[in-house]
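Student: Structure of the sequence below:
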Amino acid sequence: MQVAISKEVKEYLFDLRNIAAENGFKSEKPWQVRLASQADKNSIEKQYYASVSVKAGAEKLASMLAQVEAELMLPATASLSLKDIRLNELQYLVAYNPLQERR
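Tutor: Residues are numbered from 1 along each chain as shown. Predicted coordinates:
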């Protein structure tokens with residue numbers, strides 16, 4: 001399963017880098033990455049320009065988040081348990097640029 005997660009993370013990071021290049025994001029405009037429910041994902045997509053999301057099972061999300069944060073050299077988010085992920089209906093790993101709000 002770890003190999004499958006690593007592959008998904010690599011694909012996700014590839015998409016992030018492509019979106020950043022297409023939109024001219026500079027390194028001083030870092031991504032914010034978080035786990036989100038369907039409603040949170042929709043809200044982020046409406047509020048921020050150029051978001052990238054992937055849907056994954058609850059058992060994969062925390063590991064994917066940690067790997068993406070490490071690869072992007074972002075501060076680590078407090079670890080969430082599988083119970084918390086399910087309880088909060090978190091289904092997506094979402095990245096967005098907080099400096100790129102839609103106007």
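
Student: Okay, now the unreliable bits of the protein?
Tutor: Counting by pLDDT under 70, the chain contains low-confidence ranges at 1-2, 28.

Student: And the strands in it?
Tutor: Taking DSSP state E to define them, one finds strands in the chain at 32-36, 52-55, 92-96.

Student: Show residues contacting stretch 57-67.
Tutor: When contacts are taken as Cβ atoms under 8 Å, 6 or more residues apart in numbering, the neighbours of stretch 57-67 outside the stretch itself are 1-2, 4-6, 8-9, 12, 33-35, 54, 56, 76-77, 79-82, 85-86, 90-91, 93. For glycine as for every other residue, the C-beta is placed from the backbone atoms N, C-alpha and C.

Student: Now the buried members of those.
Tutor: Buried by 16 or more other Cβ atoms under 10 Å: 5, 8-9, 12, 33-35, 54, 56, 80, 85, 90-91, 93, out of the contacts of stretch 57-67.

Student: Closest to N42 out of those residues?
Tutor: When the buried ones among the contacts of stretch 57-67 are ranked by distance to N42 (Cβ to Cβ), Q91 comes first, at 11.6 Å.

Student: Bridged to the residue nearest to that closest one when sequence neighbours are not counted, which residues?
Tutor: Counting by Cβ to Cβ, 6 or more residues apart in numbering, Q91 lies nearest to K55, which is 5.6 Å off, once chain neighbours are set aside. For K55, the beta-bridge assignment (DSSP bridges) gives partners Y92.

Student: Next, work out how far apart K55 and A21 are.
Tutor: Taking Cβ to Cβ, to the nearest Å as the measure, K55 falls 24 Å from A21.

Student: Between the two, point out the one with more neighbours.
Tutor: When neighbours are counted by other Cβ atoms under 10 Å, K55 and A21 differ, and K55 comes out ahead with 12 against 9.

Student: And the more buried one, how close does it get to Y96?
Tutor: The separation that K55 has from Y96, given Cβ to Cβ, amounts to 16 Å.

Student: Which helix in this protein has the most residues?
Tutor: Of all the segments of type helix in the chain, defined by DSSP state H, the longest one is helix 2-22.

Student: Please report phi then psi for the closest residue to K46 other than its chain neighbours.
Tutor: Nearest-residue entry for K46: R102, 7.1 Å, with adjacent residues in sequence omitted and distances by Cβ to Cβ, 6+ apart. For R102, the backbone dihedrals are phi -70, psi 150 (criterion: degrees, to the nearest 10).

Student: Perfect, I'm done here.
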